[in-house]
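1. This is a predicted model, with the sequence first.
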Number of protein chains: 2
Amino acid sequence: MAASAAPEAIFGDDPGYRAAVVDLLGVISYGEISAFERLAEDAKMAPDVEDKLALAQMAAHELTKVAPLHDRVRELGADPFEAMAPFRVALDAFHRHTAPADWLEGMVKAYVGDGLANDFYREIAAFLDPATRDLVVVSMDEDGGHSAFVVDRVRAVIAADHRVGGRLALWGRRLMGEALTQAQRVAVDRDSLTALLTGGVDRPGLDLAALGRMFTRLTERHAERMAELGLDS
Amino acid sequence: MAASAAPEAIFGDDPGYRAAVVDLLGVISYGEISAFERLAEDAKMAPDVEDKLALAQMAAHELTKVAPLHDRVRELGADPFEAMAPFRVALDAFHRHTAPADWLEGMVKAYVGDGLANDFYREIAAFLDPATRDLVVVSMDEDGGHSAFVVDRVRAVIAADHRVGGRLALWGRRLMGEALTQAQRVAVDRDSLTALLTGGVDRPGLDLAALGRMFTRLTERHAERMAELGLDS
């Protein structure tokens, strides 16, 4: 399997790139763990056991993505828990600042937050060596089909009470705003991650205009997801 | 696969047995869901991300057992959420009355409670048709190797501070007592489940002496698990 190629063969003489990959796998895997925690917590607000089980299964699915990412970090000679440590403050802050007030907000967050994170990692994946890219893309690929129920539930509630749609639209904007705030914090703190996007020795990167287009794509996809839920963005 | 045999071929003319199997699959699957909830909640008390991840993985593993049990309930023509409903009060009460005060109590509960439930279901499995028995035994079989870390952690803490052992030994007795209290409540409420053990038309069951020996076995295995953790029982 390509992902098991010797690190030297992949990273050549760019130690900055290797550090960036460890950072990236660290932030993704801590993101999965903190998503598990929040989803498991939010599942408690479910109105019935069926909805609770659906959200709990989304939570458990996030956690299954952690082990292969940690294995890869170890292959790269780093400790996965040390790799995750620099991102705890930003991710914990994101979740603390976006604690859902009720079950509906929890479902919208599960759907929109997970989608946004996956889009962002897919954008970054374009700048990775093939083995790491495959690992990241596979870990993002599927939500196990669990989130379709979110779309059903949210649309049904909005159909029954249009005022709810206004509140949830504001909630979606707050999620996006808080995600950008914390992403900005990470970008400032972790030069190696930023350099993944802006390029390095022998590696092409994004200029400012291309970076702007990337954020436009992320925003557009966020708007599409909100629309799938029947919400303005 | 044997588990997909037509229900008629398995249950013959004993509708009480069929009801008992639906009950049994209902209580086991609600047990997994509530174990997920408690483990996910207790994981928040972990002293570090490594321990949190280990307990979260135990939680997620419980949840993977639910889907095959629910599939079987549907094959039997029943609704899994209705099948679980009669057991919510007893299982929720068990968890409410045994909410761990700290991380250590949470780990002991994860280890001892899960083991006790599995032992009990294995005992009941002896009275099931082969297809249902296989399903139940497979769902109990493995904890995914996640609980070995509990033994390590608890033993290490006791080695460092012997007073902790006394407190956790009491905690283990409380877990066992509360489990028996709630099992008794379920036995009184659900005649069909009780009849699984005590027998029915064409089905052998346990007399009072055999029932007593079963409880002795369960208690002995509980004591063995406590000893593995370095605790008196």
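-> All right, it came through fine. Numbers count the residues shown, from 1 in each chain, chains lettered A, B, ... in the order given.

2. Retrieve the pLDDT associated with A:A90.
-> Looking at A:A90, its pLDDT reads 91.

3. scratch that, A:S4
-> 51.

4. Let me know the distance separating the residue lying closest to A:N118 once chain neighbours are set aside from A:D134.
-> Counting by CB to CB, 6 or more residues apart in numbering or on different chains, A:N118 lies nearest to A:M140, which is 4.4 Å off, once chain neighbours are set aside. Every C-beta, even on glycine, is put in place using the N, C-alpha and C of the backbone. When distance is defined by CB to CB, to the nearest Å, A:M140 is 11 Å away from A:D134.

5. more neighbours, these two?
-> A:M140 (18 against 15; other CB atoms under 10 Å in any protein chain shown).

6. wouldn't that one be in contact with A:R122 here?
-> Yes - look at A:M140 against A:R122 with CB atoms under 8 Å: they come within range, at 6.1 Å.

7. pLDDT wise, what is A:R203 at?
-> On the pLDDT scale, A:R203 gets 69.

8. Who are the contact partners of the spatially most central residue of chain A?
-> Centroid-nearest residue in chain A, with CA atoms, centre = their mean: A:A117, separated by 2.3 Å. Contact partners of A:A117, counting by CB atoms under 8 Å, 6 or more residues apart in numbering or on different chains, are A:G31, A:A35, A:A179.

9. Pull the number of nearby residues for the first one.
-> In this case it means A:G31. 24.

10. Show the contacting residues for it.
-> Contacts of A:G31 by CB under 8 Å, 6+ apart are A:F87, A:L91, A:A117.

11. what's the helix or strand for it?
-> A:G31 belongs to helix A:15-43 when assigned by DSSP states H and E.

12. ditto for the last one
-> Element membership of A:A179 [criterion: DSSP H and E] is helix A:162-189.

13. Please give the centre-to-centre distance between the helix or strand following that helix and its chain.
-> Moving toward the C-terminus from helix A:162-189, the next helix or strand (DSSP H and E) is helix A:191-198. The gap between where helix A:191-198 is centred and where its chain is centred comes out at 17 Å by CA atoms, centre = their mean, to the nearest Å.

14. ok, A:L69 - contacts?
-> Counting by CB under 8 Å, 6+ apart, A:L69 makes contact with A:L25, A:I28, A:S29, A:E32, A:P80, A:L135, A:S139.

15. Tell me the pLDDT of the third one.
-> In this prediction, A:S29 carries a pLDDT score of 94.

16. Give me the nearest residue to it, chain neighbours excluded.
-> A:L69 (4.2 Å).

17. measure that neighbour to chain B for me?
-> As for A:L69, its distance to chain B is 12 Å (criterion: CB to the nearest CB, to the nearest Å).

18. for the helix or strand encompassing that residue, which positions count as buried?
-> Using DSSP H and E, A:L69 falls within helix A:66-75. Of the residues in helix A:66-75, A:V66, A:L69, A:H70, A:R72, A:V73 count as buried by neighbour count, 16 or more other CB atoms under 10 Å in any protein chain shown.

19. quick one, that helix and helix A:15-43 angle?
-> Between helix A:66-75 and helix A:15-43, the angle formed by their directions is 160 degrees, by axes from the mean of the first three to the mean of the last three CA atoms, to 10 degrees.

20. for chain B, what are the nearby residues on chain A?
-> In this structure, chain A approaches chain B at residues A:30, A:33, A:36-37, A:40-41, A:43-44, A:48-50, A:52-53, A:56-57, A:59-60, A:63-64, A:66, A:81, A:84-85, A:88, judged by CB under 8 Å from any CB of the partner chain.

21. sorry, back to before: can you read off the pLDDT for the residue nearest to the centre of chain A?
-> 87.

22. can you check A:E8 too?
-> 54.

23. if we can go back for a sec, now list the buried members of the residues of chain A next to chain B.
-> Buried among these by 16+ other CB under 10 Å: A:30, A:33, A:36-37, A:40-41, A:43, A:49, A:52-53, A:56-57, A:59-60, A:63-64, A:66, A:81, A:84.

24. in chain A, which ranges drop under the pLDDT threshold?
-> A:1-13, A:141-146, A:200-203 (pLDDT under 70).

25. still on that earlier bit, so how far is A:D71 from the residue nearest to A:N118?
-> From A:M140 to A:D71 the distance is 17 Å (CB to CB).

26. Then A:V137?
-> Counting by CB to CB, the gap from A:V137 to A:D71 is 16 Å.

27. wait, A:R74 sits on A:P80?
-> Yes - if you go by CB under 8 Å, A:R74 and A:P80 touch, sitting 6.5 Å apart.

28. and for these two, which residues touch both?
-> Contacts common to A:R74 and A:P80, judged by CB under 8 Å, 6+ apart, are absent.

29. For A:R122, see how far away the most far-flung residue of chain A relative to its centre is.
-> Ranked by distance from the centre of chain A (CA atoms, centre = their mean), the top residue is A:A160, with 30.8 Å. Separation of A:A160 from A:R122 (CB to CB) stands at 34 Å.

30. what do you get for A:A40?
-> 25 Å.

31. again with A:E32
-> From A:E32 to A:R122 the distance is 15 Å (CB to CB).

32. Looking at those two, which is more packed in?
-> Neighbour totals were compared for A:E32 and A:R122, and A:E32 leads with 24 against 17 (other CB under 10 Å).

33. Check the gap between the more buried one and B:E50 for me.
-> On the measure of CB to CB, A:E32 and B:E50 end up 15 Å apart.

34. Next: A:Q57.
-> 24 Å.

35. which residues are contacting stretch A:209-218?
-> For stretch A:209-218, using CB under 8 Å, 6+ apart, the contacting residues are A:L116, A:D119, A:F120, A:E123, A:L197, A:T198, A:L206.

36. can you put these in JSON lines and add neighbour count?
-> Shown next, in JSON lines, are the contacts of stretch A:209-218 (neighbours: other CB atoms under 10 Å in any protein chain shown):
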{"residue": "A:L116", "neighbour count": "20"}
{"residue": "A:D119", "neighbour count": "19"}
{"residue": "A:F120", "neighbour count": "19"}
{"residue": "A:E123", "neighbour count": "16"}
{"residue": "A:L197", "neighbour count": "17"}
{"residue": "A:T198", "neighbour count": "17"}
{"residue": "A:L206", "neighbour count": "17"}
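
37. Mark which of these are part of strands, please.
-> Among those, the subset assigned to strands under DSSP state E is empty.

38. quick one: which two of those residues are the most distant?
-> A:L116 and A:T198 (21.1 Å; CB to CB).

39. what's the distance between the nearest residue to A:Y30 once chain neighbours are set aside and B:R221?
-> Spatial nearest neighbour of A:Y30, excluding adjacent residues (CB to CB, 6+ apart): A:M84 at 3.9 Å. From A:M84 over to B:R221 the distance is 37 Å, taken as CB to CB.
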